[in-house]
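> the following block contains a protein sequence and its predicted model.
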Amino acid sequence: MKKGDILVAVVVLLLAGALYGTGLLRPSQAGAVAVIYVDGVEVHRLPLSVDGRWRLETAQGYNEIVVENGTVLVEEADCRDGICVNHAPVSLEKESIVCLPHKMVIEVEGGEEGVDAVVQ
């Protein structure tokens, strides 16, 4: 192998790593859906492949839900504790965001499975 061949291989690997890191080469999660439940009843299914904003109104208050870049999050809510707003965006299978005051749960279905492990 010549020096030029090695240089080309290194450049290709660096480019592939950069594209993967930016999300352009990651496998898509086209089937991932955020399922929204209120008081245990399914009220919406939002595909994570379509960016958008939704306002969920319940008898207890409202939640502003945002789907962006394959993740879902609660951007704003009028609940007293705000735990749902402070929760990190979710995108992996069975991850969820819960707003107890509004009896709302957002759960991801059909997404990539996360790692569930204990390290000692």
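Ah, there it is.
> now the longest helix along the chain: mean pLDDT?
Identified as the longest helix of the chain according to DSSP state H is helix 3-22. Mean pLDDT, computed over helix 3-22, is 78.
> same question for stretch 78-98.
Stretch 78-98 comes out at a mean pLDDT of 94.
> what's it in contact with?
Applying CB atoms under 8 Å, 6 or more residues apart in numbering, the contact partners of stretch 78-98 are 29, 32, 34, 48, 60-63, 68, 70-77, 99-102, 104-114. Backbone N, C-alpha and C define where each C-beta goes, glycine included.
> got the buried residues for it?
For stretch 78-98, the neighbour count (16 or more other CB atoms under 10 Å) marks C79, C84, V85, H87, P89, V90, S91, E95, I97 as buried.
> equivalent analysis for stretch 93-113, please.
E95, I97, C99, P101, H102, M104, V105, I106, E107, V108, G111.
> domain ranges for this protein?
Recorded structural domains for the chain (assignment: automatic domain parsing) are 1-29, 33-109.
> list the contacts for R45?
Counted by CB under 8 Å, 6+ apart, R45 has contacts V33, A34, V35, I36.
> partners of the helix or strand hosting the third one in the sheet?
Secondary structure assigned from DSSP states H and E places V35 in strand 33-38. Using DSSP bridges, the strands paired with strand 33-38 are strand 41-47 (antiparallel), strand 104-109 (antiparallel).
> ok, so of the buried residues of stretch 93-113, who is nearest K2?
Lowest distance from K2 to the buried residues of stretch 93-113 (CB to CB) belongs to G111, with 44.2 Å.
> thinking again about what came up before, now the longest helix of the chain: how far from the chain's centre is it?
Counting by CA atoms, centre = their mean, to the nearest Å, helix 3-22 is centred 29 Å from the centre of its parent chain.
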